[in-house]
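Asker: here's a sequence, model it:
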Amino acid sequence: MRARTMHHLRDTTGMTLLEVTIALFVLAVGLLGLAGLHLVALQGDTLGHQATLATTLAKNKAAELQGSDQLSGGADQYVDRTNGVTYTREWIVESDQSDRAQTAARTVKVQVQWRGAMADRCVTVRRVIQETG
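Answerer: Next up, the predicted model:
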């Protein structure tokens, strides 16, 4: 009986070194692909954060100008020290008096620009402000 068990162990074949090498290569290629997808996701997250901050800066300035009695153009900067990004904000106020019988309106255009990882980026917000009086 013992001889029969030993004979059975000698006949079993295991994985060869070539098969193990191929399996490790396939695993390595899969992990590299997964790392690439993770990098793309991180870049998208960063761009989304920057665009959200730029839009918030533009909307805040437009709201500030809407509540102001003196509307005039200008520019300023905001520095996001956490991420090392500088946002340049410019605003233009245009008169719109197409019909003098009605209330005059002004169009406020706020543009926020910043340098992204691969290109310069820009967000623009426009708001029409009705003037009374």
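Asker: following the helix ranked longest in the chain, which helix or strand shows up next?
Answerer: Determined from DSSP state H, the single longest helix within the chain is helix 17-66. Going down the chain from helix 17-66, the next helix or strand is strand 74-80, by DSSP states H and E.
Asker: that following strand: which residues count as buried?
Answerer: Neighbour counts using 16 or more other C-beta atoms under 10 Å place Tyr78 of strand 74-80 among the buried residues. Glycine gets a C-beta too; all of them are placed from N, C-alpha and C.
Asker: can you pull the pLDDT of Val26?
Answerer: In the prediction, the pLDDT value recorded for Val26 is 97.
Asker: residues near it, how many?
Answerer: A count of neighbours around Val26, defined by other C-beta atoms under 10 Å, yields 10.
Asker: next one: it from Val40, what distance?
Answerer: 22 Å (C-beta to C-beta, to the nearest Å).
Asker: cool, and Gly48?
Answerer: Using C-beta to C-beta, Gly48 is found at 13 Å from Val40.
Asker: and for the residue positioned nearest the centre of the chain, nearest residue in space, chain neighbours not counted?
Answerer: By C-alpha atoms, centre = their mean, the chain has its centre lying nearest to Leu47, at 1.7 Å. The shortest distance from Leu47 to any residue other than its chain neighbours is 6.3 Å, reached at Gly116 (C-beta to C-beta, 6 or more residues apart in numbering).
Asker: can you pull the contacts of Val26?
Answerer: Under the criterion of C-beta atoms under 8 Å, 6 or more residues apart in numbering, Val26 has no contact partners.
Asker: for Ala75, same thing?
Answerer: Thr88, Arg89, Glu90, Trp91.
Asker: and which of these is nearest Met15?
Answerer: Proximity of those to Met15 (C-beta to C-beta) peaks at Thr88, which lies at 61.0 Å.
Asker: how close does the closest one get to Gly74?
Answerer: Thr88 is 12 Å from Gly74, by C-beta to C-beta.
Asker: one more: Gln50?
Answerer: Separation of Gln50 from Gly74 (C-beta to C-beta) stands at 22 Å.
Asker: equivalent analysis for Leu27, please.
Answerer: 58 Å.
Asker: just Ala35 next, same as before
Answerer: For Ala35, the distance to Gly74 - C-beta to C-beta - is 45 Å.
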